[in-house]
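# Mind folding the following:
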Amino acid sequence: MYVCQLSFECELDIELDEAQQAISMLLDQYRYNGQIIGREFPLTLIDDKFEITFVCPEQDSLAVKYNNEFVLKAFEQLKQLGLSTPKFTLKGLECQSDFSDTCDQPKALVLYSTYVQSCSPLRCLEHFAPVPLYKMPEQVRKPLIKWQESQAACDQLQMNEITEIEPFAIEQLSQLDSELLQNGNAIAKTIQQQINIPVYQYLYRVGGESLEAEQQRLCPSCDGDWLFTKDDQKEPLHGLFDFKCDECLLVSNVSWDWQ
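Numbering: from 1, shown residues only. Take a look at the predicted model:
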């Protein structure tokens, strides 16, 4: 990913609060369209110029071709208030982030995220690199961001071992019939229908009786054998997924308690 900056000059007298709200609206629409990553963006005012720093999935993430109608409306509001067309500056690589997927057309995707990740929750299954959401159907972009926020909240709670609600958080992350995973499944199916490629869903796994028992687990959807093998050797896909069901489009891991 890349660190970028937008700067706006005040061409007319404008109230500070109005300018901040309009810029925040633009950033929200960029975020829900997948063009910028994260939720907090430093905004500074130097003389008559606002500057915002943020992270983008790709160098051209803010290209006009990726703007949707909501981004365009936010720009129109800025213009009406008296802010200039922003100047874009590419600051450089964000060295601690995953690089976006470079496939022209991924063969399959996987819906996967954790509480420490802020990149796209959709990854190319072949390379396990995040796919920018503005390359997905527009109708799923904002729902994916909201799903990722909910997933991160559940993941954070179970990692922090908040005992009263940890069981609920783990259930949301690991049970096929949980509201979180049902919502994710609905989004995955919409993507499949729109772009005609499979979208796998990750099931978090903790607990279990033993490593042997874990390795013998069957797919929770079809009861089929789903232990992942490669070249006749049992090894996790991308060092993470021990299980993969191509019928039910599910991936999972041997319980973290037995790794």
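
# C-alpha from now on. contacts and neighbour counts both.
Noted.

# In contact with Leu125, which residues are there?
Leu125 makes contact with 106-110, according to Cα atoms under 8 Å, 6 or more residues apart in numbering.

# can we see that at 10 Å?
Neighbouring residues of Leu125 by Cα atoms under 10 Å, 6 or more residues apart in numbering: 106-111, 198-200, 237-238.

# List buried residues within those.
Listed as buried from the contacts of Leu125 are 106, 108-111, 198-200, 237; burial here means 16 or more other Cα atoms under 10 Å.

# so of those residues, which ones are in strands?
Using DSSP state E, 109-111, 199-200 are the members of those that sit in strands.

# Is there a neighbour count for Ser221? I'd like the number.
Using other Cα atoms under 10 Å, Ser221 is surrounded by 12 other residues.

# what about it, which SS state?
Secondary structure state of Ser221, per DSSP: H, G, I helix; E, B strand; the rest coil, is coil.

# can you start the count at 16 instead of 1 from here on
Yes, from this point I'll number from 16; that puts the last item at Ser236.

# quick one: it from Gln190, how far?
10 Å (Cα to Cα, to the nearest Å).

# Check Cys25 too.
51 Å.

# Taking the contacts of Leu140 together, which two end up most distant?
Pairwise distances across those (Cα to Cα) peak at 17.7 Å, for the pair Pro213 and His253.

# Now for Glu181, how many residues are close by?
Glu181 has 18 neighbouring residues, counting by other Cα under 10 Å.

# Got phi/psi on it?
Per-residue torsions, Glu181: phi -60, psi -40 (degrees, to the nearest 10).

# Tell me the secondary structure at the closest residue to it other than its chain neighbours.
Distance criterion Cα to Cα, 6 or more residues apart in numbering; nearest residue to Glu181, sequence neighbours excluded, is Gln173 at 4.9 Å. When classified by three-state DSSP, Gln173 comes out as helix.

# mind listing what Gln173 touches?
By Cα under 10 Å, 6+ apart, the contact list for Gln173 reads 167, 180-186, 188.

# A helix includes Val18, no?
No: applying three-state DSSP, one finds Val18 to be strand, outside a helix.

# Show me which residues of the lowest-mean-pLDDT helix or strand in the chain are buried.
Sorting the helices and strands of the chain by mean pLDDT, DSSP states H and E puts strand 58-61 at the bottom, at a mean of 86. Residues of strand 58-61 classed as buried: Leu58 (neighbour count, 16+ other Cα under 10 Å).
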